[in-house]
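Chemist: Next comes the sequence, and after it the predicted model I'd like to discuss.
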Amino acid sequence: MARIFITGSTDGLGLMAAQLLSGQGHTVALHARNAVQARDTRCAPRQPRCSRW
């Protein structure tokens, strides 16, 4: 599987792409403007693997 970095991944199409790729077994690195967005996105519903800091 691939390692993928997605900018704009805290909402919209970026979040959808991150969830889809993560669900397919890829390692996805998310980019967020602040720690709150990063935390909320990391543990968003439908996220197959939720890890805390």
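Modeler: All right, it came through fine. Numbers count the residues shown, from 1 in each chain.

Chemist: Show me what the worst-scoring helix or strand of the chain on mean pLDDT is packed against.
Modeler: Of all the helices and strands that make up the chain, helix 35-42 has the lowest average by mean pLDDT, DSSP states H and E, namely a mean of 80. Applying 3 or more C-beta pairs under 8 Å, 6 or more residues apart in numbering; DSSP states H and E, we find helix 35-42 packed against strand 27-30. (Each C-beta comes from the backbone N, C-alpha and C, glycine too.)

Chemist: where are the low-confidence patches of this structure?
Modeler: For the chain, the stretches with pLDDT under 70 are 42-53.

Chemist: Could you pick out the longest helix of the chain?
Modeler: helix 12-23 (DSSP state H).

Chemist: Tell me the buried residues in that helix?
Modeler: G14, L15, A18, Q19, L21, S22 (16 or more other C-beta atoms under 10 Å).

Chemist: Who are the packing partners of that helix?
Modeler: strand 3-6, strand 27-30.

Chemist: what angle separates that helix from helix 35-42?
Modeler: 50 degrees (axes from the mean of the first three to the mean of the last three C-alpha atoms, to 10 degrees).

Chemist: list the contacts for the closest residue to D11 other than its chain neighbours?
Modeler: Leaving aside its sequence neighbours, D11 sits nearest to T41 (C-beta to C-beta, 6 or more residues apart in numbering; 7.8 Å). T41 makes contacts with S9, T10, D11, L15, A18, L30, A32, as judged by C-beta atoms under 8 Å, 6 or more residues apart in numbering.

Chemist: please redo it, this time with the cut-off set to 10 Å
Modeler: S9, T10, D11, G14, L15, A18, Q19, L30, H31, A32, Q47 (C-beta atoms under 10 Å, 6 or more residues apart in numbering).

Chemist: any idea how far the third one is from R39?
Modeler: Remark: distance between D11 and R39 (C-beta to C-beta, to the nearest Å) = 14 Å.

Chemist: ok, back up a step: kindly format the C-alpha coordinates of the longest helix of the chain as CSV.
Modeler: The C-alpha coordinates for helix 12-23 follow below in CSV (Å, rounded to 0.1, in the frame of the first residue of the first chain):
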residue,chain,number,x,y,z
GLY,A,12,-15.0,18.4,2.0
LEU,A,13,-13.3,16.4,-0.8
GLY,A,14,-10.0,16.2,1.0
LEU,A,15,-11.6,14.5,4.0
MET,A,16,-13.6,12.1,1.7
ALA,A,17,-10.4,11.2,-0.2
ALA,A,18,-8.6,10.6,3.1
GLN,A,19,-11.3,8.3,4.4
LEU,A,20,-11.6,6.4,1.1
LEU,A,21,-7.9,5.8,0.8
SER,A,22,-7.4,4.9,4.5
GLY,A,23,-10.3,2.5,4.2
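
Chemist: That'll do, ta.
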